[in-house]
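>>> Here is the input, now give the coordinates:
(2 chains)
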Amino acid sequence: MSAPAATKAGANVHEFTTELIVRRRNTPAEGVVVLDLAHPQGEELPRWEPGAHIDLLLSEKLTRQYSLCGDSGDPSVWRVGVLLDPDSRGGSQYVHDNLQEGAQVQVRGPRNHFELVDAPKYRFIAGGIGITPIFAMVEEVQREGSDWTLLYGGRTRASMAFAEELAERFGDRVTLWPQDERGFLDLASLLKDPADDTLVYCCGPEGLLSAVENQCAHWPAGALHIERFAAKAPTAEDAAAALDRFDVVCQRTGVTFEITGDMSILETLEEADIPIMGSCYEGVCGTCEARVLEGTPDHRDSVLSDAEKDAGEVMLVCVSRSRTERLVLDL
Amino acid sequence: MSNYPKKCWYVAATCDEITESPLARRLLGEDVVLWRGANGVVSAFENRCAHRGFPLAVGSVDGDRLVCGYHGCTYDTEGKCVSTPAQPQVPTGMRVRVFPVLEKPPFVWIWLGQPSASTGSQPPRLPFINDPAWSSFGDTWHVNANYMMIHEHYLDFSYAPILHRRDVPEEIRTMPAFNDIEVTETTVSYTRLLPDAQLADWEAEATGLDRTRTYKRRERGTFSSPALHFQSWEVAVSPDEVYTTARLHAVTPETETTTHVFMRGARDYALGSGLVTNHLKAFLAEVTRRDMATIEMVSRHSGYDGWRGGVEFQADEAALRARRIVGVMLAKEAGRAALRPGRAPVSRSDSLSPMHATTTS
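This next block holds a predicted model:
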């Protein structure tokens, strides 16, 4: 036991972080590797729910988020699927090149911003590697006996991970839609009739997410759940409404910080040892979410839905700022 | 609206409580009967005969069947009525509701949500239970307060020098802030390091350590699930030799305002000593009496909404994280809402007052 740390504002708040080994690696589709990560001594890993993701801490500067796609009831292994992105910023290239069986990798999490809400019926839509969180969801709703269908698209059949397994296990519930055979996904017919008892879950590339958002515009609020792993570009309108200078009050801690143009709220709080967590620093992972007690955030993230941004109950302090001169946070 | 997630394993009873004499217990608002057949298998039914609603706990066990004490309707372990003395054929489809149970000594766990959802989930792993490196003992009690008050009470120990003044070393007049808080999607844990101090009376009597010197201490706690809290108190004799006293609380809501607690106390020193066990038992019983009296007083005076409506401290970080984990579980169970779990106002996601999380605009 070491001596108590010097007095600081609060505890070191962090997510579960550990070193795991690649117990199994395979290539279920073109350009996709699936890794089974396990504790070197076989210890149980923290429980997670479908829709959860983890960070892979690949190097000092390279942290990437990947959805968990195995069986959420199995605490002995975390499974991720990683597509080699031709425009890789380094993450998927590193995973494909270096994470062979037996390799060690530091992981952090799990966390979940794509929660599977209970419903009698589900329409799942996956594009390419977006199948990973959806696969975990399908396992769960099948177990619970809900009614569901999956529309799964990809460039070609050979590029679609788990396609065969899904079709074999779930038969008619699964519709495979390789673009070279069938063209673009027929979202219009799938989403034509809104239903009160149905939730729509979609994960995939930005083009698919936007198309599904458009097609679900006439669905009840809260029916559509999507997950983005790339930041949406801010609009000019967003930039115009932003304040250059504002105060952030950490209510529980009882201190106030002035935020100016060159520092984010998260950086300022981290520098002052206010207990808060961060991971991606670009508004996509949701780790730094803080509850807003007073004031209007200027949301810049890709996690919250428009309704959630309007509600203003929470904000992601890594990228979002303030539209009011005073922002009071539950910190 | 209740604030306990149903899709979760909770402790229903200790193994020795369930015998061939059926046991009635209210769990998460459900009236449940727990019984053990001659084959040793534990079953949990809704405590209500399918014929006239007679409490099945007043009935008796016959082999591997439960017999109602009114008309003699006899149920197998699947809850199916297999015979009724009044007529030769059992009415088609006659059965009672069955709840999934898992017996994992020292506890019997129960799942009160949709039964099919139970198969994808396991009760949290219990530390120190059935581990030869630890000596443990149990106690159970009933509290007139919402179950989250018990979790939140145990996730912030900053009241210890006030409420349990004699049980905290003399030199420690305020509890230092948490040093570390670790979160996952479903759990939160904290670690707190304490300044060097001499032994409190209970520590000296339990450990038999030298009272004239000072020791470092580390306190750790974990919210494992809405059903389980774990806490440990380590006294370091040297960097390699640590005396750990630990306890776990299986916390099971009875109703919105009452709770069953199944405690296991444990230590990794003085193994097998009946004297030390009795000493720790008496000590924890006294501490628990004060803890529960305090919680019950707030519950009577302000209710859980008053408890949670107060100003929060930094020391409440772990409790607030646990509250968010539970809030997300509840919002998921409530179904479609305009705002996703965790992004709705707190009062809407897990308040005890009537709420309409499923209402959308």
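>>> before we move on, what SS does the residue nearest to residue A:11 when sequence neighbours are not counted have?
Nearest in space to residue A:11, with sequence neighbours left out and distances taken as C-beta to C-beta, 6 or more residues apart in numbering or on different chains, is residue B:178 at 3.7 Å. Heads up, the C-betas are built off the backbone N, CA and C, glycines and all. State at residue B:178, reduced to three classes by DSSP: H, G, I helix; E, B strand; the rest coil: coil.
>>> which residues does residue B:178 contact?
Going by C-beta atoms under 8 Å, 6 or more residues apart in numbering or on different chains, residue B:178 touches A:10, A:11, B:190, B:191, B:192, B:315, B:317, B:318.
>>> can those go into CSV with extra columns for pLDDT?
What follows is the contacts of residue B:178, written out as CSV (pLDDT from 0 to 100):
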residue, pLDDT
A:10, 66
A:11, 78
B:190, 95
B:191, 96
B:192, 95
B:315, 80
B:317, 88
B:318, 93
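>>> Quick one: buried ones out of these?
A:10, A:11, B:190, B:191, B:192, B:315, B:317, B:318 (16 or more other C-beta atoms under 10 Å in any protein chain shown).
>>> Return the list of helices and strands in contact with the helix or strand harbouring the third one.
So that's residue B:190. Residue B:190 is part of strand B:188-197 when elements are defined by DSSP states H and E. Judged by 3 or more C-beta pairs under 8 Å, 6 or more residues apart in numbering or on different chains; DSSP states H and E, the packing partners of strand B:188-197 are strand B:180-183, strand B:215-225, helix B:317-334.
>>> ok, then the element right after it?
Strand B:188-197 is succeeded, C-terminally, by helix B:201-207 (DSSP H and E).
>>> for that next one, which positions count as buried?
Buried residues in helix B:201-207, counted by 16+ other C-beta under 10 Å: B:202, B:203, B:205, B:206, B:207.
>>> And the residues you listed, which is closest to residue B:306?
The shortest approach to residue B:306 among the buried residues of helix B:201-207 belongs to residue B:202, at 32.1 Å (C-beta to C-beta).
>>> hmm, back to that, partner strands of the strand holding residue B:190, parallel or antiparallel?
Strand B:188-197 has its sheet partners listed here by DSSP bridges as strand B:180-183 (antiparallel), strand B:215-225 (antiparallel).
>>> Now the longest one: average pLDDT?
Strand B:215-225 comes out with an average pLDDT of 96.
>>> ok, residues contacting that strand?
A:1, A:3, B:8-9, B:123-124, B:151, B:154-155, B:157, B:169, B:186-194, B:196-199, B:209, B:229-237, B:318, B:321-322, B:325.
>>> residues touching residue B:2, list them.
Applying C-beta under 8 Å, 6+ apart, we find residue B:2 in contact with B:28, B:29, B:253, B:256, B:352.
>>> Mind checking which of the residues you listed are in strands?
The strands, defined by DSSP state E, take in residue B:253 from these.
>>> Tell me how far residue B:234 lies from chain A.
Going from residue B:234 to chain A by C-beta to the nearest C-beta, to the nearest Å gives 7 Å.
>>> What is the neighbour count of that residue?
The number of residues packed near residue B:234 is 19, by other C-beta atoms under 10 Å in any protein chain shown.
>>> Then residue B:67?
Neighbours of residue B:67 under the rule other C-beta under 10 Å: 20.
>>> ditto for residue A:157
Number of residues near residue A:157 (other C-beta under 10 Å) recorded here: 16.
>>> Pull up the per-residue confidence for it.
Confidence at residue A:157, expressed as pLDDT, is 96.
>>> What's opposite the closest residue to it other than its chain neighbours in the beta bridge?
Nearest residue to residue A:157 in three dimensions, chain neighbours excluded: residue A:178, at 4.4 Å (C-beta to C-beta, 6+ apart). Residue A:178 has the following beta-bridge partners by DSSP bridges: residue A:154.
>>> Would you state the secondary structure element containing residue 278?
Because you didn't say which chain, this covers chain A. In the assignment (DSSP H and E), residue A:278 maps to no helix and no strand.
>>> Switch to chain B, please.
helix B:274-308.
>>> quick check: angle from that helix to helix B:317-334?
70 degrees (axes from the mean of the first three to the mean of the last three C-alpha atoms, to 10 degrees).
>>> Could you list every helix and strand in contact with helix B:274-308?
Against helix B:274-308 (3+ C-beta pairs under 8 Å, 6+ apart) you get strand B:135-143, helix B:147-154, helix B:160-163, helix B:201-207, strand B:258-267.
>>> ok, 7 Å please
strand B:135-143, helix B:147-154, helix B:201-207, strand B:258-267 (3 or more C-beta pairs under 7 Å, 6 or more residues apart in numbering or on different chains; DSSP states H and E).
>>> mind checking how far the shortest one is from the chain centre?
Which is helix B:201-207. With C-alpha atoms, centre = their mean, to the nearest Å as the basis, helix B:201-207 stands 27 Å off its chain's centre.
>>> And for stretch B:74-81?
29 Å.
>>> What residues sit buried inside it?
Buried-residue list, stretch B:74-81, by 16+ other C-beta under 10 Å: B:74, B:75, B:76, B:77, B:79, B:80, B:81.
>>> Would you format those residues as a markdown table with secondary structure, pLDDT and distance to residue B:137 included?
Listed next are the buried residues of stretch B:74-81 as a markdown table, based on DSSP: H, G, I helix; E, B strand; the rest coil; pLDDT from 0 to 100; distance: C-beta to C-beta, whole Å:
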| residue | secondary structure | pLDDT | distance to residue B:137 |
| --- | --- | --- | --- |
| B:74 | strand | 98 | 38 |
| B:75 | strand | 98 | 35 |
| B:76 | coil | 97 | 36 |
| B:77 | coil | 97 | 31 |
| B:79 | coil | 98 | 35 |
| B:80 | strand | 98 | 39 |
| B:81 | strand | 98 | 41 |
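>>> out of the residues you listed, which one sits closest to residue A:106?
Among these, residue B:77 lies closest to residue A:106 (C-beta to C-beta), at 47.2 Å.
>>> That closest one and residue B:36: what is the separation?
10 Å (C-beta to C-beta, to the nearest Å).
>>> Kindly report the same for residue B:247.
Residue B:247 is 27 Å from residue B:36, by C-beta to C-beta.
>>> Equivalent analysis for residue B:63, please.
Distance, residue B:63 to residue B:36, using C-beta to C-beta: 11 Å.
>>> cool, residue A:180 as well?
Residue A:180 is 61 Å from residue B:36, where distance means C-beta to C-beta.
>>> Could you export the contacts of residue B:178 as a markdown table, including distance to residue A:104?
Below are the contacts of residue B:178 laid out as a markdown table (distance: C-beta to C-beta, whole Å):
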| residue | distance to residue A:104 |
| --- | --- |
| A:10 | 31 |
| A:11 | 28 |
| B:190 | 28 |
| B:191 | 25 |
| B:192 | 31 |
| B:315 | 36 |
| B:317 | 31 |
| B:318 | 30 |
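>>> Give the closest residue to the residue of the stretch 251-361 of chain B found nearest chain A in space, chain neighbours not counted.
For the stretch 251-361 of chain B and chain A, the shortest gap (C-beta to the nearest C-beta) falls at residue B:338, measuring 4.0 Å. Computed as C-beta to C-beta, 6+ apart, the closest residue to residue B:338 that is not its neighbour in sequence is residue A:221, at 4.0 Å.
>>> ok, the one you found touching residue A:306?
No. Using C-beta atoms under 7 Å, residue A:221 makes no contact with residue A:306, being 9.8 Å away.
>>> Who has more neighbours out of these two?
Legend: neighbour count by other C-beta under 10 Å for residue A:221 and residue A:306, higher for residue A:221 (15 against 10).
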